[in-house]
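Colleague: make a model of this:
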Amino acid sequence: MPGYVRSRRVTVAVLLLVVACCCCHMQPVACRSALYNTNATRKEGMLNVHIISHTHNDPGWLSSFTQYHRTVTLDSHTIGGVEAILDSVVLQLLDNPDRTFVYADLAFFVKWWQELHEDTKAAVRHLVQQGRFEFTGGGIVQHDEATSHYSGMIDQMSLGMRFLQEEFGHSPKIAWQLDGFGHSNTEPLLKSMGGFEAVFFGRSDHADMAQRKQNRSLELIWRGSEAYGSETDMFASQYPTGNYGPPSMQWFFERRDDYGKYLADSVQDDPETGTYNVQGLIDEFVQRAEEWQQAVLGDDVYFFMGGDFTHSDARMWFNNVDKMIHYVNKDGRVNAFYSTPSRYLAAKRATPGLQLPLKSDDFFPYSSSEEGTDYWTGYFTSRPTLKAQIRRGWSLLRATHQLEVLAQLQPGSRQLATTRGRRYVDAVEASEPLRLAHTLAPHHDPAVLEFALATSLHHDAITGTQKLAVTCDYEHWIHTGITKAAPKLLQGLQHLLYPNAGVSAMALHPPSSSSSSSSASYADAAVVPAA
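Modeller: Modelled structure (predicted):
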């Protein structure tokens, strides 16, 4: 474990330099350009464009959670996974104190954090304290709002919020449901009770969105319950594209063949390249900002910069956005600057006389076509085996926690088991991630089941919209969690039913792989065979 954690020292030298410079009130020296001014802030009396940089990381969709964390295969070429995204983003934030970034997918962040050196953690905490690395959502995943049970939503949110409180002393106030296939008013009901103040989402029914653009109601007050009234009101913002990427694909600073982008675009401001494009970019930027202002109330709009698994090379994104901000502000028609959802919400609240429309029902069903023919409703029932396994898993987990209390058992580890904790036979040959996994996911403990179930509520998991291999991976993960949690459940039952009989070997020690085939599932899910 120590060796693996220290393997992430590749960035520590730079981070220590930056932290030392900050402590000495010096400007850190890295690769920051002296050409571009990015320290703009909101200006009264102008159309203000908040640039919100982010990445959307699905913990299991076309690839599994672990595969996405290590590497991402897109368009037949491999790029760095989420660990590379977070590494790259942190370095770029430290390179320029004006830059900001938003992150919501805690399943990945927790796994990255568990492998991070303490020096790097200190630098990240400093960015969070500055409000430049902002957590949104607060849960382990951006859960599906149609097929998830509300108790599961609460539990997975609680896991994430507990982690943020313990590590950062921080509780997000912004809910973040960018990619959900429709939205339930259960969301503002639960989130408002949890102290959230706003929700941002990308996908929305195209016909509904078109009408809202016409009457400038893409932003509204969403009431979670008529019974509780204004106590459950939240500011809700729908992104005008119906997705969560840049307003123009010409500002997607990354190669993506599936988007028809065989080369990454960039802001070309050197005429000697022969591809100078600054004036056209400025004109389109201003045009989009003015169009979007007509869909909302007030003098503030926001542009997302990012998308699915973007920013593995965050330098490309931030360097180009730096140029955009500089040249747009030099033009002077609108005011652009780095921002976050919290800063955007504060700007909206500061708008004099702002009266937003009220909505109290769902955003269901979701149609992704302007004709209203492509309704996303099949996922309500698709992959029923996985849906049933998730529901049974939550029931077993809840019963296990209740028995811990009723039988006065030693509480579980309460660790966030981002791994299955598979046993290894030969300690010499075991990889460092496997060693770390074994400490994070102890046996006879519900930690693995808890994290697996939280992740399974993701909008590409319980919905069934992922590939079959990823479905199988979720099922195996939950099964492994059940086999690890079951002995704890049995131990609690025995304490209640036979308080004077002691604890049986069966309750504490699952059978080995040499036992009968009918009872081998405990070990089969946890043992890595010898090479």
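
Colleague: C-alpha from now on. contacts and neighbour counts both.
Modeller: Fine.

Colleague: is it correct that residue 235 falls within a helix?
Modeller: No. Counting by DSSP: H, G, I helix; E, B strand; the rest coil, residue 235 is not found in a helix; it is strand.

Colleague: just to check, it is in contact with residue 217?
Modeller: No. Counting by Cα atoms under 8 Å, residue 235 does not reach residue 217; the two are 11.7 Å apart.

Colleague: from residue 96, how far out is the closest residue to residue 173 other than its chain neighbours?
Modeller: In space, and not counting its chain neighbours, residue 173 is closest to residue 196: 4.2 Å by Cα to Cα, 6 or more residues apart in numbering. To residue 96, residue 196 is 29 Å away according to Cα to Cα, to the nearest Å.

Colleague: tell me who's in contact with the closest residue to residue 251 other than its chain neighbours.
Modeller: Nearest residue to residue 251 in three dimensions, chain neighbours excluded: residue 265, at 6.6 Å (Cα to Cα, 6+ apart). By Cα atoms under 8 Å, 6 or more residues apart in numbering, residue 265 lies in contact with 250-255.

Colleague: do the same with residue 236
Modeller: 198-201, 219-222.

Colleague: one more time with 7 Å
Modeller: By Cα atoms under 7 Å, 6 or more residues apart in numbering, residue 236 lies in contact with 198-200, 219-222.

Colleague: SS state for residue 172?
Modeller: coil.

Colleague: pretty sure it sits against residue 133.
Modeller: No. With contact defined as Cα atoms under 7 Å, residue 172 does not count as touching residue 133 (11.7 Å).

Colleague: okay, the two: which has more neighbours?
Modeller: residue 133 (23 against 20; other Cα atoms under 10 Å).

Colleague: you'd agree the more buried one is up against residue 102?
Modeller: Yes. Using Cα under 7 Å, residue 133 is in contact with residue 102, at 5.9 Å.

Colleague: per-residue confidence at the residue nearest in space to the middle of the chain?
Modeller: Taking Cα atoms, centre = their mean, the centroid of the chain lies closest to residue 105, which sits 1.6 Å from it. In this model, residue 105 is scored at 95, pLDDT.

Colleague: might one say that it is in contact with residue 143?
Modeller: No. Contact criterion Cα under 7 Å: residue 105 and residue 143 do not qualify, at 10.2 Å.

Colleague: tell me where the model's unsure across the chain.
Modeller: Counting by pLDDT under 70, the ranges of the chain that qualify are 1-31, 74-77, 257-263, 423-430, 502-531.

Colleague: can you give me the strands for it?
Modeller: Along the chain, the stretches classed as strands by DSSP state E are 48-53, 71-74, 77-80, 101-103, 133-135, 174-176, 198-201, 219-223, 233-238, 300-305, 335-338, 358-359.

Colleague: output the ones you listed in a markdown table, with distance to residue 378 appended to each entry.
Modeller: Putting the strands of the chain into a markdown table (distance: least, Cα to Cα, whole Å) gives the following:
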| stretch | distance to residue 378 |
| --- | --- |
| strand 48-53 | 32 |
| strand 71-74 | 26 |
| strand 77-80 | 31 |
| strand 101-103 | 29 |
| strand 133-135 | 32 |
| strand 174-176 | 24 |
| strand 198-201 | 21 |
| strand 219-223 | 26 |
| strand 233-238 | 23 |
| strand 300-305 | 29 |
| strand 335-338 | 39 |
| strand 358-359 | 26 |
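
Colleague: could you check how far residue 62 is from residue 386?
Modeller: Computed as Cα to Cα, the residue 62 to residue 386 distance reads 16 Å.

Colleague: just residue 169 next, same as before
Modeller: Taking Cα to Cα, one finds residue 169 at 35 Å from residue 386.

Colleague: dump the residue contacts of the closest residue to residue 199 other than its chain neighbours.
Modeller: Among residues not flanking residue 199 along the chain, residue 175 sits closest, at 4.3 Å (Cα to Cα, 6+ apart). Residues counted as contacts of residue 175 (Cα under 7 Å, 6+ apart) are 136-137, 196, 198-200.

Colleague: and those residues as a markdown table, adding distance to residue 164?
Modeller: Listed next are those as a markdown table, based on distance: Cα to Cα, whole Å:
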| residue | distance to residue 164 |
| --- | --- |
| 136 | 11 |
| 137 | 11 |
| 196 | 15 |
| 198 | 18 |
| 199 | 19 |
| 200 | 20 |
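
Colleague: closest to residue 339 among those residues?
Modeller: Using Cα to Cα, residue 136 comes nearest to residue 339 of the contacts of residue 175, at 13.3 Å.

Colleague: my guess is that closest one meets residue 172, correct?
Modeller: Yes. Using Cα under 7 Å, residue 136 is in contact with residue 172, at 5.7 Å.

Colleague: wait, residue 367 sits on residue 375?
Modeller: Yes. With contact defined as Cα under 7 Å, residue 367 counts as touching residue 375 (4.2 Å).

Colleague: restricted to buried residues, select the contacts of residue 265 in PyMOL.
Modeller: Selection of buried members from the contacts of residue 265 for PyMOL, criterion 16 or more other Cα atoms under 10 Å:
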select buried, resi 251+252+253+254+255
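
Colleague: out of the contacts of residue 265, list just those in helices.
Modeller: In helices, judged by DSSP state H, none of these are found.

Colleague: name the helices or strands packed onto the longest helix that the chain contains?
Modeller: When the chain is parsed with DSSP H, its longest helix is helix 468-497. Judged by 3 or more Cα pairs under 7 Å, 6 or more residues apart in numbering; DSSP states H and E, helix 468-497 is in contact with helix 384-406, helix 447-456, helix 505-508.
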